[in-house]
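Enquirer: From the sequence below, what's the structure:
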Amino acid sequence: MKRACSILLVGRSACSGGSSWFFRIGATRGICARALAAWVLLAALGVVSAPLRAADLPELFAERVKSCVTVGFLVESELDRQPVTVLGVCIDAGGTIILPPSAIGPRVPVSQLKDFKVHRPDSATAYDAAYLGQDALTGWHFVRVEEKVRAELVPLTAWVRRGTAEPRLGEEVWGVGLRGKDEDFHPYFLMSRVSLVEPMPQMTAIAAAEVAGPGLPVFNRAGAFVGLALNSFGQDFTLFSGQDRSQSVVLVNEEESSVFLLAKEVLPYLGRIPRNVSGRPLPWLGAFGLEPVDPEVARFLHLENQSALVVSEVLENSPAERAGLKGHDIVVSLDGRPLPRFRPEQVLAAYVEREVGRHKPGDVVPVAVLRDNRRMELRVVLGDEPKIIREAGRRYFERLGVTVREFLYGDGVARRIKIADQAGVVVDFVKPNSPAAVGELAPDDWIREIDGRAIKTYEEAIDALAAIEADSNRAEFVLLTSRGGDTAVRRVKLQ
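Expert: Numbering: from 1, shown residues only. Predicted structure coming up:
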């Protein structure tokens, strides 16, 4: 007759460095005692996991909420102070908090970011915080909260469990959502199952429904950290009108997300706290417009079993140009490794960008390319990226109703202007109903002349516009501008 076992949990003995669980196994019918005893031993050692009781979830939830915060700040523009509220997670005992890349737009200068405040869930108390900058590799924005609240926050790393497996298809995962300010950022529970795990290029999971607020952690049933929620992907819906007509619309849930980076794509980068608010240094390659190789071209070049990227353009005076990279080269290897395969193939360009971002200016990066059906090995010495838009000098002229900023290297790339011909300034903001608006100036207009005088530098433009604004008797001034390749003379009337 087959015999099995019954198991009684007798007790637990704590000792230095760990604890021991004691079981009593007795004979019963239906299943082998040895097999069940082995399962119990494996579960105790953490090799397999026992089903979590639903009653455990409220306790786990209450603990893990302590890592979650809401961060509010103001974007001070020429016209007003726009409040912004985003979700973040504490990553260390020093009160460092990471925010999603989308928390602050790439065009917003740091000088316009004001009054950072951190709120704990279920609390109306606001704590002062300082903006530390954005990391170029992860895109995360880093904030540090004042010292008096740090002890009440639990770092994300407290929920890391050694040996935790990556979430699998169908596995239950859960996380935290936070309500709005008028509800004191009250936390609520979200749960779903993993429906897809894909490299995009980072290993990313998509759940069947929302599992956390963007920027907040995701856990498995046992409460171990398994990922960090991204901004949710847009979903296509068909909208039917009263006339039975339909149209396709894309809806994005801004408060909750079903998409999360796996823990292995998060934990190694928590220490990338920017050295300064600009996030510098910023490693720079200078290959522009990388596109996946057409499948037919790939077959012709015998690249069916690996990925490759075509270089559309090599930027002037860039590290790529100095290394000998040329337009139409086909990149097949980076850092000594063949380019991996991704689906969709467009993800490959993001992979190369991230791989470059792992380096620092001055690093040598081997790049293998195909040119005229010959393989060439190049060595690129990465540079520090030229000034980007959020670093540009800018100034607002109230009477004129316009903000102008420096003409940057990136402006020249967008307009296909060689470095030697780059001059003038770019319109950054136009106040509605102002003289600049009536004169039909628009953001991104390139100002090349002011009152017939060619403008070579940002400083020359500032001096000229400041003199015009200070002259109360001035009736108008004239600008030579370029927009979309078309040049126009614009008269701005002041009276």
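
Enquirer: where do the helices sit along this structure?
Expert: For the chain, applying DSSP state H gives helices covering 33-45, 57-64, 295-300, 319-322, 347-357, 409-415, 435-438, 458-470.

Enquirer: Dump those to a markdown table, plus distance to residue 285.
Expert: Where you see a C-beta, it was placed from the backbone N, CA and C, and this is true even at glycine. Putting the helices of the chain into a markdown table (distance: least, Cβ to Cβ, whole Å) gives the following:
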| stretch | distance to residue 285 |
| --- | --- |
| helix 33-45 | 47 |
| helix 57-64 | 39 |
| helix 295-300 | 23 |
| helix 319-322 | 5 |
| helix 347-357 | 5 |
| helix 409-415 | 13 |
| helix 435-438 | 37 |
| helix 458-470 | 27 |
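
Enquirer: Now for residue 357: which residues touch it?
Expert: Each residue near residue 357 by Cβ atoms under 8 Å, 6 or more residues apart in numbering is listed here: 136, 137, 283.

Enquirer: pLDDT score assigned to it?
Expert: Listed pLDDT for residue 357 reads 94.

Enquirer: Distance-wise, check it relative to residue 289.
Expert: Residue 357 sits 18 Å away from residue 289, going by Cβ to Cβ, to the nearest Å.

Enquirer: tell me which of the contacts of residue 357 is nearest to residue 115?
Expert: Nearest to residue 115 among the contacts of residue 357: residue 136, at 25.2 Å, using Cβ to Cβ.

Enquirer: who's in contact with that closest one?
Expert: For residue 136, the contacting residues are 279, 282, 283, 357, by Cβ under 8 Å, 6+ apart.

Enquirer: Leaving out the residues flanking it, which one is nearest to residue 191?
Expert: In space, and not counting its chain neighbours, residue 191 is closest to residue 174: 4.0 Å by Cβ to Cβ, 6 or more residues apart in numbering.

Enquirer: beta partners for the one you found?
Expert: residue 191, residue 219 (DSSP bridges).

Enquirer: Would you agree it is in contact with residue 190?
Expert: Yes - if you go by Cβ atoms under 8 Å, residue 174 and residue 190 touch, sitting 6.2 Å apart.

Enquirer: what residues do the two have in common as contacts?
Expert: 211, 212.

Enquirer: Need the nearest residue in space to residue 90, chain neighbours excluded.
Expert: residue 153 (4.2 Å).

Enquirer: For the one you found, report the pLDDT, please.
Expert: 97.

Enquirer: Tell me how far it lies from residue 72.
Expert: Relative to residue 72, residue 153 is positioned 16 Å away (Cβ to Cβ).

Enquirer: Looking at those two, which one has more neighbours?
Expert: More crowded of residue 153 and residue 72, by other Cβ atoms under 10 Å: residue 153, with 23 against 17.

Enquirer: mind listing what the more buried one touches?
Expert: Contacts for residue 153 (Cβ under 8 Å, 6+ apart) come out as 66, 67, 69, 90, 95, 120, 145.

Enquirer: In strands, which of these fall?
Expert: Counting by DSSP state E, these place 69, 90, 145 in strands.

Enquirer: Tell me the bridge partners for the last one.
Expert: This means residue 145. Beta-bridge partners of residue 145, counted by DSSP bridges, are residue 129.

Enquirer: Now do the contacts for it.
Expert: Taking Cβ under 8 Å, 6+ apart, one finds 69, 95, 97, 118, 127, 128, 129, 153 in contact with residue 145.

Enquirer: Throw those into JSON lines and include distance to residue 395, thanks.
Expert: Supplementary listing: the contacts of residue 145 in JSON lines, determined by distance: Cβ to Cβ, whole Å:
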{"residue": "69", "distance to residue 395": "35"}
{"residue": "95", "distance to residue 395": "35"}
{"residue": "97", "distance to residue 395": "32"}
{"residue": "118", "distance to residue 395": "32"}
{"residue": "127", "distance to residue 395": "33"}
{"residue": "128", "distance to residue 395": "29"}
{"residue": "129", "distance to residue 395": "28"}
{"residue": "153", "distance to residue 395": "39"}
